[in-house]
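>>> model this:
(chains A and B, ligands or ions: 1)
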Amino acid sequence: MSHLATAGKMTGIMAAFISYTAKNLPDDVLARLEALRSQETEPLAVEIYSLMFRNLQLARELDRPICQDTGYMQFWIRCGSSFPLIGELEGLLTEAVRIATAETPLRYNVVETFDEVNTGTNTGTGAPTFWWDIIPGWDGCEIYTYPAGGGCSLPGHAMVLMPGQGYEAVVDFVLERMTSYGLNACPPLLVGVGIGTSVETAALNAKHALMRPVGSCSENERVAKLEQLLEDGINAIGFGPQGLGGRHSVMGVNVVNTARHPADLGVAVSVSCWCHRRGRITFDSDLNYTVSTHSGFDMGGSK
Amino acid sequence: MIEVRNGRTILTTPVSESDLARLRIGDVFYLDGELATGRDSVHERTVYEGKDLPVDIRDKVLMHAGPIVKQKEDGGWEMISIGPTTSMRMEKYEYDFVKATGVRVIVGKGGMGPSTAAACRDFGAIHCVMPAGNAVVGAVCTEEILGGHWLDLGMPEAVWHCRVRELGPLIVTIDTSGRNYFEEKKTEYDRIRREQTELISKQVHFTK
Ligand code: SF4
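Have a look, this model is predicted:
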């Protein structure tokens, strides 16, 4: 296949994947929601879960987006340095967003700042978002897709604490955000917490945390302990599905950490709503792909 | 009109103040009848620019929502998905909006603040939430799109005039007495949050 043809092929797969993930939740999210539903005792919360599952079923049957807010597309690309299409990736993913927008259809969610006009294509200046990691020597490419919803992006917050305030201040920072903003962000939430040295590193860690599977825990024992404590603590607040009250307020808390300057403790929180539509697709150099998040996605090209 | 049908409380437009007197915060109901969508820009136009809403929603329903609609071949519209958006963004406009339009029921997502609560009390209206993210259910409950207005604002921001059937469940979050479900809950959530913060803080003293 020519270079152009392979780029076209990957564009088609990505457009189909973006569209599919707007209509079908990832396996881990579905499983967690089912578990939370079965443990719920508040009648109003039980009714809300029933509605959510009826909606998911209708979305599948009618082949429509689960939520009307189909998000602002963000990609975390972990690309091998020898992946043949490394130079074309941003262009072809942008094209895939345009195609998926027209075909799904997705709602237009990209507004140029200052000019304040909606581009009508879900693409624009810096849109979609790309975050890159280059994996030396590898010839494959792994892509996380994430349509950031408006309501669930709103609680996002980052700041740099003084180390003397300690991880105690991190706990305060995260929990405060839950009651001030989290309950309006369509709980049960997945909460991503990032720890780093500055606002940028902490914030990106928080986003990476949202890409980790629901129910996974950090390899660092202290971090894993903090994840569990935060999860139990936020559940204890009891805001439940839609903030109206219930046994579980979160699907989980994932913390991702990197090193810090001795004088700074950067912290950020980024949340996802119950409609956590992140996807993960991995290509080899021949564009065979595997999808770890959505077992139902298959357009005949997977291995 | 308000009635019980197959065990469900159904509110039908046009809605009077006395229909709403039976609905208190925390109550669940379903909606039959006419609504218009409106979010930030629609409020900006009506409240700050003084323009008349293109749809008469007196005794009817406003939904804070930005749907996905598709134009049909005959020029009409089809609802693909509709669900509520965060109501709090409209808080700063809502008192004047309710006063100007005579709207009775506001459907949205999450809580609203004291000015909306004051509007509900002063003009006999309620705010309720539809659990968000359930946009296909919303679309299936939309029987017909009666019209699309202010399309220059873009699809999500435009005014979509719809007829719905058994839209819900809707949960009353501000009632006509001005009681505010989320505000009352928030006091409790905040108290537990402070307790939990203290409890967890004792177990995370990792800095040296
Ligand atoms: S927060 Fe999520 S579920 Fe709620 S409206 Fe936004 S995208 Fe949809």
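>>> Every contact and neighbour count from this point should use C-alpha atoms.
Noted.
>>> Okay, now the unreliable bits of chain B?
Scanning chain B for pLDDT under 70 picks out nothing.
>>> Now do the strands in it.
Taking DSSP state E to define them, one finds strands in chain B at B:2-5, B:8-12, B:28-37, B:61-63, B:68-71, B:77-81, B:105-108, B:126-129, B:142-149, B:159-174.
>>> Is the third one in proximity to chain A?
In this case it means strand B:28-37. No. Applying CA under 8 Å from any CA of the partner chain, one finds strand B:28-37 out of contact with chain A, separated by at least 8.5 Å.
>>> That strand pairs with which strands, parallel or anti?
strand B:8-12 (parallel), strand B:61-63 (parallel), strand B:159-174 (antiparallel) (DSSP bridges).
>>> Just the angle for the longest one relative to strand B:77-81, thanks.
The one in question is strand B:159-174. Here strand B:159-174 runs at an angle of 40 degrees relative to strand B:77-81 (axes from the mean of the first three to the mean of the last three CA atoms, to 10 degrees).
>>> Strand B:159-174 to strand B:142-149, inter-axis angle?
120 degrees.
>>> Contact residues of chain B facing the ligand?
Within reach of the ligand by CA under 6 Å from any ligand atom, chain B has these residues: B:85, B:132-133.
>>> Can you tell me which of the strands of chain B is most buried?
strand B:126-129 (a mean of 30; mean count of other CA atoms under 10 Å in any protein chain shown).
>>> Which positions in chain B make contact with chain A?
Taking CA under 8 Å from any CA as the measure of proximity, chain B contacts chain A at B:66-68, B:80-83, B:85-86, B:109-111, B:131-137, B:154-156, B:182, B:186, B:189-190, B:192-193, B:196-197, B:200-202, B:204-207.
>>> Residue A:94: what's it in contact with?
Going by CA atoms under 8 Å, 6 or more residues apart in numbering or on different chains, residue A:94 touches A:123, A:127-128.
>>> These into a markdown table, with extra columns for secondary structure?
Shown next, in a markdown table, are those (DSSP: H, G, I helix; E, B strand; the rest coil):
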| residue | secondary structure |
| --- | --- |
| A:123 | coil |
| A:127 | strand |
| A:128 | coil |
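>>> re the thing from before, redo the strands paired with strand B:28-37 as a markdown table? Include distance to residue A:61.
What follows is these, written out as a markdown table (distance: least, CA to CA, whole Å):
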| stretch | distance to residue A:61 |
| --- | --- |
| strand B:8-12 | 25 |
| strand B:61-63 | 26 |
| strand B:159-174 | 19 |
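>>> Taking chain B, what residue is nearest to the ligand?
At 3.6 Å from the ligand, residue B:133 is the closest residue in chain B, using CA to the nearest ligand atom.
>>> mind listing what the nearest residue to that residue once chain neighbours are set aside touches?
Spatially, and ignoring its direct neighbours in sequence, residue B:133 is nearest to residue A:67 (4.4 Å; CA to CA, 6 or more residues apart in numbering or on different chains). Residues in contact with residue A:67 (CA under 8 Å, 6+ apart) are A:22, A:275, B:81-83, B:132-136.
>>> picking that back up, out of the contacts of residue A:94, which is nearest to chain B?
Ranked by distance to chain B (CA to the nearest CA), the contacts of residue A:94 are led by residue A:123 at 15.2 Å.
>>> Surely the closest one touches residue A:98?
Yes. At 7.0 Å, residue A:123 counts as touching residue A:98 under the criterion of CA atoms under 8 Å.
>>> When these two are compared, which one has more neighbours?
Taking other CA atoms under 10 Å in any protein chain shown, residue A:123 and residue A:98 do not tie; residue A:123 has more neighbours (23 against 18).
>>> Disregarding residues adjacent in the polypeptide, which is nearest to the more buried one?
Per CA to CA, 6+ apart, closest to residue A:123 is residue A:110, 6.3 Å.
>>> which residues touch the one you found?
A:72, A:118-124, A:127.
>>> Could you find the closest non-adjacent residue to residue A:81?
Once flanking residues are discounted, residue A:81 sits nearest to residue A:136: 5.1 Å by CA to CA, 6+ apart.
>>> give me phi/psi at the one you found?
Torsion angles at residue A:136 (phi, psi; degrees, to the nearest 10) stand at phi -60, psi 130.
>>> tally of neighbours for it?
10.
>>> Rounded mean pLDDT for stretch A:42-49, please.
What stretch A:42-49 shows for mean pLDDT is 95.
>>> Is there contact, residue-wise, from that stretch to the ligand?
No. Residues of stretch A:42-49 are not located near the ligand by CA under 6 Å from any ligand atom, the shortest gap being 12.5 Å.
>>> could you check whether that stretch is close to chain B?
Yes. For stretch A:42-49 and chain B, the contact criterion (CA under 8 Å from any CA) is met by residue A:48.
>>> confidence score at the residue nearest to residue B:133?
94.
>>> now swap in the one 4 residues further on and tell me
The per-residue pLDDT reported for residue A:71 equals 97.
>>> What of residue A:302?
The model's pLDDT for residue A:302 equals 44.
>>> Please report the distance of the residue nearest to residue B:133 from the ligand.
For residue A:67, the distance to the ligand equals 5 Å [CA to the nearest ligand atom, to the nearest Å].
>>> Over to that residue. Which of the three states is it?
Under three-state DSSP, the three-state class of residue A:67 is coil.
>>> wait, isn't the residue of chain B closest to the ligand in contact with residue A:68?
Yes. Counting by CA under 8 Å, residue B:133 does reach residue A:68; the two are 6.9 Å apart.
>>> Mind listing the shared neighbours of those two?
Here residue B:133 and residue A:68 have residue B:83 as joint contacts, going by CA under 8 Å, 6+ apart.
>>> How about residue B:130: what's its closest non-neighbour residue?
Closest residue to residue B:130 apart from its sequence neighbours, by CA to CA, 6+ apart: residue B:170 at 4.8 Å.
>>> so the one you found makes contact with residue B:128?
Yes. Between residue B:170 and residue B:128 there is a contact under CA under 8 Å: 6.0 Å.
>>> any residues in contact with both of those two?
Contacts common to residue B:170 and residue B:128, judged by CA under 8 Å, 6+ apart, are residue B:107.
>>> hmm, back to that, can you turn the buried subset of the contacts of residue A:67 into a selection I can paste into ChimeraX?
Applied in ChimeraX, the following selects the buried portion of the contacts of residue A:67 according to 16 or more other CA atoms under 10 Å in any protein chain shown:
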select /A:22,275 /B:81,82,83,132,133,134,135,136
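>>> can you tell me which of the contacts of residue A:67 are in helices?
Under the assignment DSSP state H, the contacts of residue A:67 contribute A:22, B:135-136 to helices.
>>> Closest one of those to residue A:271?
The shortest approach to residue A:271 among these belongs to residue A:22, at 17.7 Å (CA to CA).
>>> can you pull the contacts of the closest one?
Contacts here follow CA under 8 Å, 6+ apart; on that basis residue A:22 touches A:64-67, A:70, A:277.
>>> Looking at those, spot the one nearest residue A:29.
Nearest member of these to residue A:29, counting by CA to CA, is residue A:277, at 8.5 Å.
>>> any idea how far the closest residue to residue B:192 other than its chain neighbours is from the ligand?
Spatially, and ignoring its direct neighbours in sequence, residue B:192 is nearest to residue A:237 (5.4 Å; CA to CA, 6+ apart). Using CA to the nearest ligand atom, residue A:237 is found at 19 Å from the ligand.
>>> got the residue ranges for the helices in the stretch 101-250 of chain A?
Taking DSSP state H, counting those that start in this stretch, the helices of the stretch 101-250 of chain A run over residues A:150-153, A:166-180, A:199-211, A:221-237.
>>> which stretch among those helices comes nearest residue A:79?
Nearest of these to residue A:79, taken as CA to CA: helix A:199-211 at 15.4 Å.
>>> Which helix runs longest in chain B?
Counting by DSSP H, the longest helix found in chain B is helix B:181-201.
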